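1. build me a model from this:
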Amino acid sequence: MSELTGDVRPIEDLTFREAMAELDKIVGMLESNTLELEDSLKNYERGVALLGALQGRLTDAQQKVDVLMGELVADTDDAVRDTSLS
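-> Residues are numbered from 1 along each chain as shown. Below you'll find the model as predicted:
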């Protein structure tokens, strides 16, 4: 494998799956020990950026799930509560 070349798209334009695949490819290249130092550094930088973006997306997704779960719990509580006027 050689340096990651070609159309290096901005990370924010990649889907989660595409970013994961690119990160996996970079890790494979770095582990192969076949890159020149400069290429290794470029790929390492890209990998760090991808990892940060992926972690941010996972955090955002977890927050959305937490909000939705909170709404689900709130809806259940409202359904159980007797709101009739006596």
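2. before we move on, which element is the residue lying closest to Ser40 once chain neighbours are set aside in?
-> Excluding its sequence neighbours, the residue lying closest to Ser40 (CB to CB, 6 or more residues apart in numbering) is Leu30, at 6.2 Å. In this view, the C-beta of every residue, glycine as well, is placed from N, C-alpha and C. According to DSSP states H and E, Leu30 maps onto helix 16-32.
3. only the buried residues of that helix, if you could.
-> Neighbour-count burial for helix 16-32, with 16 or more other CB atoms under 10 Å as criterion, is recorded at 19, 22-23, 26, 29-30.
4. out of these, which one sits closest to Val67?
-> Ala19 (23.6 Å; CB to CB).
5. so what's the residue count around Thr15?
-> 9 (other CB atoms under 10 Å).
6. please tell me how far Leu50 sits from Ser32.
-> Taking CB to CB, to the nearest Å as the measure, Leu50 falls 18 Å from Ser32.
7. that older thread, for the helix holding Leu30, the averaged confidence score.
-> Mean pLDDT, computed over helix 16-32, is 98.
8. how far away from the center of its chain is it?
-> Mean C-alpha position of helix 16-32 versus that of the full chain (CA atoms, centre = their mean, to the nearest Å) differs by 13 Å.
9. so, low pLDDT: which residues of this protein?
-> In the predicted model, the chain carries pLDDT under 70 at residues 1-6, 75-86.
10. which helix is the longest one in it?
-> Identified as the longest helix of the chain according to DSSP state H is helix 37-80.
11. which secondary structure elements does that one contact?
-> Packing partners of helix 37-80 (3 or more CB pairs under 8 Å, 6 or more residues apart in numbering; DSSP states H and E): helix 16-32.
12. remind me what the helix it packs on packs against, helices and strands.
-> helix 37-80.
13. any idea of the angle the helix it packs on forms with helix 16-32?
-> 140 degrees (axes from the mean of the first three to the mean of the last three CA atoms, to 10 degrees).
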